[in-house]
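A.B. asks: coords below, sequence missing:
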């Protein structure tokens, strides 16, 4: 099986589209923390971060085939 998402940039674009390109959201993508294939994407609210918190509003798992699921 050839992965359809290979880079953090591709994964972020996929989730940005799911979130409707909200300008208040920023995205951080990295390897899955459990070592599974794919990526974890942390979505943070810029306005909530400015208030002193982490700003995390969503965490997504994106799999190599391009499917994804929300962790929270």
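C.D. replies: Thanks, I have the structure now. Owing to the predicted nature of the structure, the values given are computational and were not obtained by experimental measurement.

A.B. asks: Going along the chain, name the strands of the protein.
C.D. replies: Taking DSSP state E as the criterion, the chain contains strands spanning 25-31, 39-45, 56-62, 68-70.

A.B. asks: Show me how far the shortest one is from its chain's centre.
C.D. replies: What that stands for is strand 68-70. Relative to its chain's centre, strand 68-70 lies at 9 Å (CA atoms, centre = their mean, to the nearest Å).

A.B. asks: residues touching the residue nearest the centre of the chain, list them.
C.D. replies: Central residue of the chain (CA atoms, centre = their mean): residue 41, 2.3 Å from the mean position. Contact analysis of residue 41 by CB atoms under 8 Å, 6 or more residues apart in numbering lists 11-12, 15, 27-29, 59-62. Yep, even glycine has a C-beta here, placed from its N, CA and C like the rest.

A.B. asks: got it, and residue 14?
C.D. replies: Contacts of residue 14 (CB under 8 Å, 6+ apart): 5, 62, 66, 68.

A.B. asks: Which members of those residues are classed as buried?
C.D. replies: By neighbour count, with 16 or more other CB atoms under 10 Å, the contacts of residue 14 hold 5, 62, 68 as buried.

A.B. asks: I'd like these as CSV, with distance to residue 34 appended.
C.D. replies: Formatted as CSV, the buried ones among the contacts of residue 14 follow (distance: CB to CB, whole Å):
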residue, distance to residue 34
5, 18
62, 14
68, 16
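
A.B. asks: Give me the nearest residue to the residue nearest to the centre of the chain, chain neighbours excluded.
C.D. replies: Spatially, and ignoring its direct neighbours in sequence, residue 41 is nearest to residue 60 (4.3 Å; CB to CB, 6 or more residues apart in numbering).

A.B. asks: what about residue 53, how many residues close to it?
C.D. replies: As a burial measure, residue 53 scores 10 neighbours (other CB atoms under 10 Å).

A.B. asks: Just read off the phi/psi values of it.
C.D. replies: Dihedral angles of residue 53 (phi, psi; degrees, to the nearest 10) stand at phi -90, psi -180.
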